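**Student:** A predicted structure for the sequence below; I have some questions about it.
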Amino acid sequence: MLRACEFSRSRVDKSMAMCDAKTIYEAMENGACLDTAAIISLLSGRSMEQLRSILQCYKELYGHDLSKSLRREKFEEFGKDLKRVIKCVEYPHKHFAKQLRKAWSNGQRESNVMAQEGLIRIVVTRHEIDMEEIERAFCNKSGVSLEMAIHKEIKDKNREGLMGDFLLALLKPH
């Protein structure tokens, strides 16, 4: 049985998303300055599903992605940062695949504990969420399977290979 708070997290309110998309547009287009506080407040108070709905509504209302609006010089660093956040919200599997590629390439250059930490953290935290999509995105960009990367990065560098075995087991569908 779902508790009320779990149910409300997974529901999307399309009319609220439309209003939020309009609010973001107004915060961006209202005068010469950008109302960053309004945008941050609005976006940080919504669930991931609601954020995706807001981004879709923005596109429906204004004919282009919010990211495209943020390309203008008016938005400076805030626009660049917000574009990265939006990309992560819209395509989390691509974001995590990129982080895995960074960890893997760092590990290939040198024995890097931070690279192993990145691999471990992503595989452990995302294995029940979207690991298959992350694996596909990783392989498409790197040309190497995530399984092979884990073998090279962790299993082959540790004599016991227990962490590598654990991560490889998490990659297998249950």
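**Tutor:** Arrived safely.
**Student:** buried ones in the longest helix along the chain?
**Tutor:** The helix spanning the most residues in the chain, taking DSSP state H as the definition, is helix 92-109. Residues 92-101, 103-104, 106-107 are the ones in helix 92-109 that count as buried (16 or more other CB atoms under 10 Å). Every C-beta, even on glycine, is put in place using the N, C-alpha and C of the backbone.
**Student:** name the helices or strands packed onto that helix?
**Tutor:** Where contact means 3 or more CB pairs under 8 Å, 6 or more residues apart in numbering; DSSP states H and E, helix 92-109 is packed against helix 76-90, helix 113-126, helix 131-142, helix 146-150.
**Student:** can you do 6 Å?
**Tutor:** Contact here means 3 or more CB pairs under 6 Å, 6 or more residues apart in numbering; DSSP states H and E; on that basis helix 92-109 packs against helix 113-126, helix 131-142.
**Student:** for the record, mean pLDDT for it?
**Tutor:** For helix 92-109, mean pLDDT rounds to 78.
**Student:** cool, stretch 135-155 as well?
**Tutor:** Here the average pLDDT along stretch 135-155 is 84.
**Student:** show residues contacting it.
**Tutor:** The contact list for stretch 135-155 (CB atoms under 6 Å, 6 or more residues apart in numbering) reads 93-94, 97, 100-101, 104, 107, 116, 119, 161, 163-164, 167-168.
**Student:** closest one of the residues you listed to residue 24?
**Tutor:** Checking the contacts of stretch 135-155 against residue 24 with CB to CB, the nearest one is residue 94 at 22.4 Å.
**Student:** ok, back up a step: which pair of the contacts of stretch 135-155 spans the longest distance?
**Tutor:** Those two in the contacts of stretch 135-155 that are separated most widely, counting by CB to CB, are 94 and 161, at 29.1 Å.
**Student:** picking that back up, rebuild the contacts of stretch 135-155 as a markdown table, extending it with distance to residue 129.
**Tutor:** As requested, these are exported to a markdown table (distance: CB to CB, whole Å):
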| residue | distance to residue 129 |
| --- | --- |
| 93 | 9 |
| 94 | 14 |
| 97 | 13 |
| 100 | 14 |
| 101 | 19 |
| 104 | 20 |
| 107 | 23 |
| 116 | 21 |
| 119 | 16 |
| 161 | 25 |
| 163 | 20 |
| 164 | 21 |
| 167 | 15 |
| 168 | 18 |
